[in-house]
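*Asks:* Kindly generate the corresponding structure for this input.
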Amino acid sequence: MTAVALVPLFIFFILFVIAHLGASYEAVTASLANPFVSVLMAMMVLAGLIHMRIGMQEVIDDYIHNELLKLSALMANTFFTVLVGGFCIFALLKIAFVG
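*Replies:* Next up, the predicted model:
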């Protein structure tokens, strides 16, 4: 997926944040309970996490020269990304289905 394909998703995210500035918790969760909004938000979270993982991978590749340490850091980077992604998607699903 190219960066150009993610522009509408990012614009949606920015507009969502601006629209909910100062809104109550109930208003935000009600908006996130909408299936269309929650799917778009989940896609934004996943795109952000992929971007984060690739960026950290580049930093690790550039600055860590010990192969064992590099491999450990890359594994930790992937594990952290999956862990954070799981928590974020769980939170979105909980809001969408439980309210």
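
*Asks:* now for the helix ranked longest in the chain, which elements pack on it?
*Replies:* Of all the segments of type helix in the chain, defined by DSSP state H, the longest one is helix 67-97. Where contact means 3 or more Cβ pairs under 8 Å, 6 or more residues apart in numbering; DSSP states H and E, helix 67-97 is packed against helix 25-32, helix 35-63. Bear in mind the C-beta positions are built from the backbone N, C-alpha and C, glycine included.

*Asks:* quick one: that helix to helix 35-63, angle?
*Replies:* For helix 67-97 and helix 35-63, the angle between their directions (axes from the mean of the first three to the mean of the last three Cα atoms, to 10 degrees) works out to 170 degrees.

*Asks:* chain center to helix 67-97: distance?
*Replies:* Counting by Cα atoms, centre = their mean, to the nearest Å, helix 67-97 is centred 10 Å from the centre of its parent chain.

*Asks:* coming back round to it: closest to Phe90 out of the helices and strands packed on helix 67-97?
*Replies:* Among these, the nearest to Phe90 by Cβ to Cβ is helix 35-63 (10.6 Å).
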